[in-house]
Every structure is written in C-alpha cells, then in structure tokens.
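[1] fold the following, please.
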Amino acid sequence: MATRPKDVPHILIVGGGYVGMYTALRLHKKLRSELRRGEVEITVVDPQSYMTYQPFLPEAAAGNLSPRHVVAPLRRVLPKATVLNARLTELDHSGRWAIVQPIVGPPKRISYDYLVMAAGSVSRTLPIPGLAEHGIGFKTIGEAIHLRNHVLAQLDIAATTDDEEVRRRALTFVFVGGGFAGVEALAELEDMARNASRYYGNVNVEDMRWVLVEASDRILPEVGPEMGRWTAEQLRGRGIDVRMKTYLDSAVGGKVELSDGTEFLSDTLVWTAGVKAAPVLRSTDLPLDERGRVKATEYLTVEGVVRAFTAGDNAAVPDLTSEGQLCAPNAQHAVRQAKVLADNLVRSLRGKNLKPYEHASVGSVAGLGLYKGVAYVYGVKLKGVAAWFMHRTYHLSRVPTLNRKVRVLADWTLALVFRRETVSLGSLEQPRAEFELASREDVRQVA
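    Now for the predicted structure:
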C-alpha cells in the first residue's frame, strides 16, 4: 500500500458486514472534514466488495427481491475509504500491524493506529456424517440464490422423471435450525415452490415434503413462546413437518437420519443451526472468550487493549439492560452498536470520554412467505398480514442508502402487479458447461 504521513491516524476496519460498513459510514459523517483534508485514513478489509443485508436473504431466495438489491457495494457507499478485497490472516495489535491476503497476489502488511474488529461470524456446524458433503448454509447471497435455483430445479426433475424414488427424493426439502434464518428461509421457499407448482401438471403441493428440524422445544424463541407456538401451528397447517426436540444424526449419501428414528432420502439439506465467531480471530493477539469471541467492554472497546474496538457477531458485548448477559448476535444490535462504536472512536481521536452501549431489544419480526408473518414488538403481538407488513416496513427503513431503499420498494411494487418468476437459472453456477460441451463435440468431429 502507498506510504502515508506518520501523523495521519489510520483506522483499519476488518470486515465489511453490518458493523464494518455501518461504522465506516458513520465515520464518513462524523469525520467529513478530516477525511476531506486528508487528516485521517480509513481502510476496510473484506473478501467481498459488498455488504449483504441478511434479513432480506429469504425474500431474495423466494424471488421477491433482486439479489443485487439486497447488497450494498462498499466502494460506492464508502467513497472516502480504501476498500481492500482480502482476507485477514494475522494481526498483531501490540505492534499495530496486520497481514492480509488479497484475492490475487502476495500477502500485504498493513500498519494502522486504530482497529475495528468486525470480522463477523460463520455457520456453526457439527461433525455429523454427510453434513459437509450434502448441506448448505444460509448466510450469503450466493447460498440464497443457489437454494432458489436448486429448489426450482428439483421441481423440474420431479416433473420429468418416471422414477418414484427419484421424485420423492427431489421433492423432499430439509431445514435444520428453528431460528430466524431457518424458519424464514423454509417459509419463503415453500411459499415460492407452492406458487410454482401451479405451472407443473404433475407436481402438486401435496407431493412436496418440507421438514423443519429443531433441537430445542420451540422455534423462533426471539418472538416469545406463544408466538413461537403459533408459528409452528401455521407451518404445520401448510403441510410442513415441524419436528422439535429432534436432531440430525446423519446425511450420508443424501439419506437423512433423525434422532427420532425417521429416515428418508433428500437432495436438499439446509443447515441454519447457529453461528460462531470468525475463526480468523484466533490468528490475532486480541483477548478471546471461551467461544472464540473478542472480549468487549460496554464502550465497545476491546477489553484490556487501547485503540481497539469491536462489536457484532464476533464480539462478546455486555448487555447493560440484563445483568450478567451478553448482547445477542443479531442485526438489531449490530447496526446500533456500529453507531456507538464509530462515535466512541471519534471521541477517542479527539480525547473525549467514551459512552456505553445500552439498548433494550424492541422486539422481533419474521416473514413467513407472501402476506404472512409474525411479530413481537414493544410487547405487542402481531400475526399474518399485519406482521408481514411490519416486517417489510422495519427492514426497509434499515436498508443502507436511499438507492437501495428505492430499488427494494420498486421490486415489491412490481410484485404486487406481476406474478414472481419461477424459473431456475442453475446454469449460472456453471457458465462454461455448454461451451465445454460444444468444444468436446467439435474435437470429436475432427477426430
């Protein structure tokens, strides 16, 4: 990287997700004059060139939103920051340096003055036979769009085969994890497949089998026991097999084996059973807790360390509204923590006292398909269309930038007028397949 003046503070932000992007966005506002005069520098390191608004992944998977409208391009949103598409491989905060591996080329060493650790989380998996080979997560836009194409492709397979075993296997969809990610993904995709089935003469809603596997005794714990039970009843009313107090024991060869003794074949296994802090944190000298998260203070600074801040899924942040507890790893906290973190970083730069992060949860909302939802906000319980409308309204207000808000609203408006597209574009994942086939044919003809 280019040499910079020694007297210019350099802020390194590791991660371009919720905390990373919103922190940088806030710093753009609070340090506008300093950035314009070149008196401070910001570098954001992330393998991706965009931030994904994850609450909209289920709607993108269901075709209600364009995939490009649920992501925010970092370089466009953060014009005064240097965005480096790379992975952090090592960090020594005591020496104020980090090693990053760009997408292409040799590793780079970055010196910095202030650190924001916002590496986020990854899917937490278990050593279940067959899971790594046959499962897929639901944390990225790539996974969401793959699942959309995959589910529609399974309907295509079922519609064109005479083999009943192949047909049953294709039309069996298994989701493990009854939190927001699992329930919303299953509900939206089931709603999409139900809608798509009307275009298949020999694939009916009754032919499809949707299974939700949850280890605890309830789903959607964030909306409370009563609303969780209501959601389970609604899903079962749609023909979805909701199994609680049940574990996935094996998925070898696509044969799903559950702890209650049930066995069946499936080509679709979605794993949403929790997340864990990014493993790269273990390659730093920052203090970590027993779960691999950075130890944070109520000021969103790293415990026992100066000029280092952290928040979000990769941080163990004390919850001042609940003694002895930590803030839940969700988008609601991440967005609000980013604002306080950025403000405290600016205060640190200017030699002012820091302020603690304190935020009581306002509640939770979840979409369960088109015109279906559940919500528990400020003690008020909502179901059906009202909850679905609140879900959309709340998240539209949280999507970064006016550009994305308008595009999301346009997608929804068009969806009210036209039926959603139900075509699988799985070939996008292998764009050279047809070209390679044509090339092999030409070689064969020459020979």
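[2] where does this structure dip in pLDDT?
    1-6, 423-424, 426-433, 437-438, 441-447 (pLDDT under 70).
[3] which residues in it form helices?
    18-30, 32-36, 57-62, 74-77, 131-134, 141-160, 164-170, 180-196, 225-237, 331-349, 384-398, 402-417, 433-446 (DSSP state H).
[4] got the end-to-end distance for stretch 247-254?
    16 Å (Cα to Cα, to the nearest Å).
[5] cool, stretch 54-70 as well?
    8 Å.
[6] still on that earlier bit, return the most buried member of the helices of the chain.
    Comparing the helices of the chain by mean neighbour count (mean count of other Cβ atoms under 10 Å), helix 57-62 ranks first with a mean of 27. All C-beta spots, glycine's among them, are computed from the backbone N, C-alpha and C.
[7] got a list of contacts for that one?
    65-67, 69-70, 138-141, 143-145, 147-148, 181, 184-185, 187-189, 191-192, 367, 369-370, 420 (Cβ atoms under 8 Å, 6 or more residues apart in numbering).
[8] between the helices of the chain, which gets nearest to E90?
    Nearest of the helices of the chain to E90, taken as Cβ to Cβ: helix 18-30 at 18.4 Å.
[9] now do the closest one and helix 331-349, the angle between them.
    Angular relation of helix 18-30 and helix 331-349 on a 0 to 180 degree scale: 40 degrees, by axes from the mean of the first three to the mean of the last three Cα atoms, to 10 degrees.
[10] who wins for proximity to M208 among the helices of the chain?
    helix 180-196 (6.1 Å).
[11] restricting to C-alpha, output the closest one in CSV.
    Only the C-alpha atoms of helix 180-196 are listed here, as CSV (Å, rounded to 0.1, in the frame of the first residue of the first chain):
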residue,chain,number,x,y,z
PHE,A,180,-35.0,-16.8,12.2
ALA,A,181,-32.7,-18.0,9.4
GLY,A,182,-34.2,-21.5,9.2
VAL,A,183,-37.8,-20.6,9.6
GLU,A,184,-37.8,-17.6,7.3
ALA,A,185,-35.8,-19.5,4.6
LEU,A,186,-38.1,-22.5,4.7
ALA,A,187,-41.3,-20.5,4.8
GLU,A,188,-40.3,-18.3,1.9
LEU,A,189,-39.0,-21.1,-0.3
GLU,A,190,-42.1,-23.3,0.5
ASP,A,191,-44.3,-20.4,-0.5
MET,A,192,-42.3,-20.0,-3.7
ALA,A,193,-42.5,-23.7,-4.6
ARG,A,194,-46.2,-23.8,-3.8
ASN,A,195,-46.7,-20.9,-6.2
ALA,A,196,-44.5,-22.5,-8.9
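[12] give me the helices and strands touching that helix, please.
    Helix 180-196 sits against helix 57-62, helix 141-160, strand 172-176, strand 209-214, helix 225-237, strand 268-271, strand 363-367, with contacts defined as 3 or more Cβ pairs under 8 Å, 6 or more residues apart in numbering; DSSP states H and E.
[13] returning to that earlier point: would you turn the helices of the chain into JSON lines with distance to M117?
    Below are these laid out as JSON lines (distance: least, Cβ to Cβ, whole Å):
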{"stretch": "helix 18-30", "distance to M117": "9"}
{"stretch": "helix 32-36", "distance to M117": "21"}
{"stretch": "helix 57-62", "distance to M117": "24"}
{"stretch": "helix 74-77", "distance to M117": "17"}
{"stretch": "helix 131-134", "distance to M117": "28"}
{"stretch": "helix 141-160", "distance to M117": "23"}
{"stretch": "helix 164-170", "distance to M117": "43"}
{"stretch": "helix 180-196", "distance to M117": "23"}
{"stretch": "helix 225-237", "distance to M117": "33"}
{"stretch": "helix 331-349", "distance to M117": "10"}
{"stretch": "helix 384-398", "distance to M117": "23"}
{"stretch": "helix 402-417", "distance to M117": "26"}
{"stretch": "helix 433-446", "distance to M117": "41"}
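[14] relative to A386, which of the helices and strands packed on helix 180-196 is closest?
    Comparing those by Cβ to Cβ, strand 363-367 comes nearest, at 10.5 Å.
[15] tilt between the closest one and helix 384-398?
    110 degrees.
[16] what is strand 363-367 packed up against?
    Against strand 363-367 (3+ Cβ pairs under 8 Å, 6+ apart) you get helix 180-196, strand 373-377, helix 384-398.
[17] could you pull out the strands in the stretch 1-150 of the chain for me?
    Remark: strands assigned in the stretch 1-150 of the chain by DSSP state E, counting those that start in this stretch are 10-14, 41-45, 50-52, 71-73, 82-84, 86-92, 97-102, 108-111, 114-117, 121-123, 135-136.
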